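Q: need a structure here:
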Amino acid sequence: LTAQSSVGVTEVHAPPASFLKQQLNTLLGDLGPPRAIKIGMLGTRDLAEAVGEVLAKISSSTSTDSADSTTEKTWIVFDPVMISTSGHKLIDDDAKEAILQHVFPYTDILT
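A: Numbering: from 1, shown residues only. Presented below is the predicted three-dimensional model:
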């Protein structure tokens, strides 16, 4: 989450990874696997790992064999927001490596 104006970013707040994971699992439990997911800023290693865990769960619940599939593929779009337009750094350095390890393997479209 960012506090920002047209001039720049004044503060960046990363919610606890446990909260994000709870929110994602709550949505999956209610709606089931979605047709697509768009991911934006993941500012910390913990957030990237939490999203990666949920993406792994979604990936394992969908079959790539259309003859056996009861659930259609969930398309993953990742827009890795890392720097604001005003030049403010939005993610921790260790988040980059975690994104590569835990989110990129499930990404279908990278913007």
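Q: Now do whichever strand or helix holds Thr10, average pLDDT.
A: Element membership of Thr10 [criterion: DSSP states H and E] is strand 9-12. Across strand 9-12, the average pLDDT comes to 87.
Q: same check, this time on stretch 61-72
A: 61.
Q: ditto for stretch 16-29
A: 92.
Q: from the chain's centre, how far out does that stretch sit?
A: Centre-to-centre, stretch 16-29 and its host chain are 11 Å apart (Cα atoms, centre = their mean, to the nearest Å).
Q: Other residues contacting that stretch?
A: Around stretch 16-29, the neighbours that count as contacts under Cβ atoms under 8 Å, 6 or more residues apart in numbering are 34, 44, 46-47, 49-51, 53-54, 57-58. Quick note: C-beta positions are derived from backbone N, CA and C, even for glycine.
Q: In contact with Val77, which residues are there?
A: 36-39, 107-111.
Q: Just give me the longest helix of this protein.
A: helix 45-61 (DSSP state H).
Q: got a pLDDT number for the residue most central in space within the chain?
A: Central residue of the chain (Cα atoms, centre = their mean): Ile39, 4.0 Å from the mean position. Listed pLDDT for Ile39 reads 95.
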